[in-house]
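Q: Sequence plus the predicted model coming up.
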Amino acid sequence: MSHEARIDRSPKPLRALLVQTIAAQESREQAERYAQEIERLTVSAGLQPVGTRFYALPKVNSGSYLGTGNLDNLAAAVIEQEAELVVFNHALTPIQQRNLEKGLACKVADRTGIILEIFAARAQTREGRLQVELAALLYQQSRLVRTWTHLERQKGGVGLRGGPGETQIEVDRRLIRGRIRQLEKKLTSVQRTRTLQRRARQDVPFFSAALVGYTNAGKSTLFNYLTGAQVLAEDQLFATLDPTVRRIRLPNRDTIILSDTVGFIRDLPHQLIAAFRATLEETLEADLLVHVVDVSDPEWEEQEAAVLETLHELHVADKPLLTLYNKTDLLPPDSRLLTRLQGRLRTLLISSVTGHGVDRLLATFGQEASKTARLVQLCIPVTEGALLARLCQEGRLIHRQDDDDHIHLTVQLSPIAHGRLLPVIQPYTAAACDHATTALTMT
């Protein structure tokens, strides 16, 4: 019996030629680092980079982005490299994209389009997929241009919408507008559900921290290390899109909520910031933002600034911020950079792979959570041994004084523990304690 040979039917990745321009204020070295990022983005999008072309660009051409000479040079490179797609590491206007496709005789994508492609492939949850589709439609809406000649068609029916003579492009625009409205309604429903869930948590509030940072800074690896979760953590851009929330039990017995969110990137498209606002609400509502920085990356300072700028756009820049300089295991122990960073306030040096500095991080979480803790003074009968044990288990005993009949306690409780224990401890609070003391004195 003969065995049929296996045939690989998976589509081959498109051959992509990358374009990086060098502005008047930029150096060649800086442009090369930017080019490395767009190359990684194209790989993450499932494309095959076949080379990068650099062009000095003192002034952007409003019609085709590049000047005539550079455009001719790029067209020759497309033929030479047999490129099927040209990717610009810049935002292109619809007119520029159309003219480039005509001049290069191949498809053209910009940085925003590539990022949207990655998001579309990586979103897993229903909410994430809705947000990606909305962002993509908002992006495409302005790019419906007449690039071929057969867009005129007669439409059947009674012509209530799109009657005779309506062009295909008008139909497409109307369908996109309708789909955008549908998505916005669905996302509003999702946001309402998320708000109810958050309100339930706030009724018995945990201290919450959110991991933020540049994409591929190691947030998901750190999240997995701290929580034991199995969030996808790979050495690629935008490995994690959908938010994940877990509880962490700290060494001091406090419980906090930690969330892992989508990574930011330089020049993050505004469509994505708007569309993913529901996802980023976990960040907006957190008590503490934990900014993870890949200190081993040569561009770490620019990446740190890009994240802070995005946080400013989200109106959360005034929240308490703890900076974690991650991937210290990739730097030599005697690095001057590490020595310099150790002196910064509200920063920690960690490695999410080796666990270096994680103990200090957990202790810092405990200190931050204790700022919201409540001190309660109780006076419980000596016969309430079970209550005493529960208080010691769920809170922190600050002071204890015993007399013949009562135990006078000062206990530190987290907001969640206080809310849970309040019905039990209410009869033994300070007022009850004063009453018991007065009765004891009169006796």
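A: That came through fine. Numbering: from 1, shown residues only.
Q: Quick one: mean pLDDT over whichever strand or helix holds T195.
A: In the assignment (DSSP states H and E), T195 maps to helix 168-203. Average pLDDT, helix 168-203: 75.
Q: and the next element down the chain from that helix?
A: strand 207-213.
Q: got a list of contacts for that next one?
A: Outside strand 207-213, the residues that touch it by C-beta atoms under 8 Å, 6 or more residues apart in numbering are 201, 219, 222-223, 254, 256-261, 263-264, 282-283, 285-294, 307, 311, 322, 365, 368-369, 372, 414-415. Where you see a C-beta, it was placed from the backbone N, CA and C, and this is true even at glycine.
Q: Next secondary structure element downstream of it?
A: helix 219-227.
Q: ok, now which ones touch L391?
A: L378, L397, L409, V411, L421, I425.
Q: Among the residues you listed, name the buried ones.
A: If you count burial by 16 or more other C-beta atoms under 10 Å, the buried members of the contacts of L391 come out as L378, L409, V411, L421, I425.
Q: what are the phi and psi values for the third one?
A: It refers to V411. Main-chain torsions, V411, degrees, to the nearest 10: phi -120, psi 140.
Q: what residue ranges in this protein are flagged as low confidence?
A: Within the chain, the ranges that satisfy pLDDT under 70 run 1-10, 144-171, 197-205, 229-243, 269-284, 416, 430-443.
Q: Show me the domain layout of it.
A: Listed by automatic domain parsing, the domain ranges of the chain are 15-118, 125-144+168-204, 205-370, 374-442.
Q: Now do the end-to-end distance for the first one.
A: Separation of the first and last residues of domain 15-118 by C-alpha to C-alpha, to the nearest Å is 16 Å.
Q: Tell me how far that domain lies from the chain's centre.
A: The chain centroid and the centroid of domain 15-118 are separated by 26 Å under C-alpha atoms, centre = their mean, to the nearest Å.
Q: Next, please give the residue ranges for the strands of the stretch 251-400 of the chain.
A: With strands called from DSSP state E, counting those that start in this stretch, the stretch 251-400 of the chain shows them at 255-260, 288-294, 321-326, 347-349, 374-381, 396-402.
Q: Go through those strands and name the closest to Q36.
A: Evaluated over the strands of the stretch 251-400 of the chain, closeness to Q36 peaks at strand 288-294, with 13.6 Å, by C-beta to C-beta.
Q: ok, back up a step: and which of the buried ones among the contacts of L391 is nearest Q30?
A: V411 (56.0 Å).
Q: For that closest one, which non-adjacent residue is closest in space?
A: Computed as C-beta to C-beta, 6 or more residues apart in numbering, the closest residue to V411 that is not its neighbour in sequence is G395, at 4.5 Å.
Q: Would you agree that neighbour is in contact with T410?
A: No: using C-beta atoms under 8 Å, G395 makes no contact with T410, being 10.1 Å away.
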